[in-house]
Structures are given as C-alpha cells and as structure tokens.
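Peer 1: any chance you can model this:
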Amino acid sequence: MGQLLGGVVILIAILLAVGQHYNVYNFYGSASNKWYFWGLVGAIGLIGIIVAAWFGMKKQPSQEPVKSN
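Peer 2: Alright, predicted model coming up:
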C-alpha cells in the first residue's frame, strides 16, 4: 500500500512538471513564482521516492536464522 502511495505522489509530481513544461496549464502564474513551483514539484517527487523506498524496505522479511530445538 505504501509503495502505491509513493508511486501516486511521484506520478503527481511528474504530471505537474510535464503540464508546466509543455504549457498545458500555467501553474505558477508569473515568472517570479517559477522557482517556488519547481521547488515544490521537486519536494513532492522526493517525498514520493522516500515513501516508496521506506515501505519497500519495510516490506522485506528479516534474514534471521531459524532456531531448531
């Protein structure tokens, strides 16, 4: 579930970036807000990567040996 959430957040960041780059919609308005927008898109993408990696690492089973009596 966490990897799916991370993937969705990354997808949102990609869609925002592609939409702005190809002028589908002007998200940031004036040129003075350009770096704030790209910083926000970068932060959203980074958060998505961290969430996906966190739940991916958390999902792996432990490698402890099984004790036999």
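Peer 1: nearest residue to Asn25 other than its sequence neighbours?
Peer 2: No, residue 25 isn't Asn; it's Tyr. Gly19 (5.4 Å; Cβ to Cβ, 6 or more residues apart in numbering). In short, each C-beta sits where N, CA and C put it, glycine included.
Peer 1: for burial, what's the neighbour tally of that neighbour?
Peer 2: 13 (other Cβ atoms under 10 Å).
Peer 1: repeat that for the one 10 residues further on.
Peer 2: For Gly29, the tally of surrounding residues (other Cβ under 10 Å) stands at 9.
Peer 1: from Ala17, how far off is it?
Peer 2: Per Cβ to Cβ, to the nearest Å, Gly29 is found 16 Å from Ala17.
Peer 1: same thing with Gly45?
Peer 2: 8 Å.
Peer 1: and Tyr36, by the same measure?
Peer 2: Tyr36 is 14 Å from Ala17, by Cβ to Cβ.
Peer 1: who has more neighbours, those two?
Peer 2: Ala17 (17 against 10).
Peer 1: tally up the residues packed near the spatially closest residue to the more buried one that is not a sequence neighbour, please.
Peer 2: Nearest residue to Ala17 in three dimensions, chain neighbours excluded: Val41, at 5.2 Å (Cβ to Cβ, 6+ apart). Residues near Val41, counting by other Cβ under 10 Å, number 19.
Peer 1: now swap in Ala53 and tell me
Peer 2: Neighbours of Ala53 using other Cβ under 10 Å come to 13.
Peer 1: in contact with it, which residues?
Peer 2: Gly6 (Cβ atoms under 8 Å, 6 or more residues apart in numbering).
Peer 1: cool, Leu16 as well?
Peer 2: 27, 41, 44.
Peer 1: does the second one belong to a helix, a strand or coil?
Peer 2: The local conformation at Val41, judged by DSSP: H, G, I helix; E, B strand; the rest coil, is helix.
Peer 1: repeat for Asn26
Peer 2: Per three-state DSSP, Asn26 ends up coil.
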